[in-house]
Every structure is written in structure tokens, then in C-alpha cells.
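**Q** no FASTA, just this:
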């Protein structure tokens, strides 16, 4: 811990020397909201809601806020994203149900041709 404090102090002294001699610019401020309160702050871990689908292969992407279906069928990975229409819990739940239904339908497919037909009809990305 002492070495970290010492290294930090050396780095600050070096930066001050560089700035004093005019060889560089001061680093930009990290806290944008202190200067411009209209700019929204970045999402932090406390701002993110974690959801569980209850279905293997259906996961919630906490940063992008969508349901992601990812399963392997006939030696190919099949993926599809389900975006909720809004951030309301009802919209998120509706997208979850749609993702789970899609995942279960893929699992019940008997052939690769059937899977491809379902994905073509659904407009999903594979």
C-alpha cells in the first residue's frame, strides 16, 4: 500500500513538472456532472436491474437492457435479441415471455430445416 501511495505521489509530481514546463495539457475532469448538470451520468452497478428468465439459454443483458436467446442446435449457435418496448416492468416481462417462447420452440424443432424456417419467419438473427 505504501508503494502505491509513493507511486501516486511520484506520478503527480511528474505531471505537475510537465505542466509547469508547458510540455503537456492537464487531464480532462472525470466528473462531467460537476460542470454540466444537464449531461446524464453513466450507469453504475446500483442503477442496473438484474432479471432472471427462468429458462436456460435466455439471459438479460443488464447494460443494453434486452433479452438474449443463445442456444446451440444441430452444431450451430442460434442467437436472437428481444428488446422490450419500454423500460416499464410490464414491457420487460412481455419481452422475456416472447424470448422464452422462442427458445422453447427452437428446442422442440426436429431438424435443422425446421429451425431455419422458424428463424426466417420470426426475422431472427442467427
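**A** Thanks, I have it. These figures come from a predicted structure and were not determined experimentally.

**Q** Now for residue 80, how many residues are close by?
**A** Residue 80 is flanked by 21 other residues according to other Cβ atoms under 10 Å. For glycine as for every other residue, the C-beta is placed from the backbone atoms N, C-alpha and C.

**Q** tell me the SS of it?
**A** Assigned state for residue 80: strand (three-state reduction, DSSP: H, G, I helix; E, B strand; the rest coil).

**Q** Can you mark which positions in stretch 80-98 are buried?
**A** 80, 82, 84, 92, 95, 96, 98 (16 or more other Cβ atoms under 10 Å).

**Q** Could you pull out the strands in this structure for me?
**A** 58-61, 66-73, 76-82 (DSSP state E).

**Q** okay, those strands in CSV with distance to residue 118 next?
**A** Listed next are those as CSV, based on distance: least, Cβ to Cβ, whole Å:
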stretch, distance to residue 118
strand 58-61, 16
strand 66-73, 10
strand 76-82, 10
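
**Q** Perfect, I'm done here.
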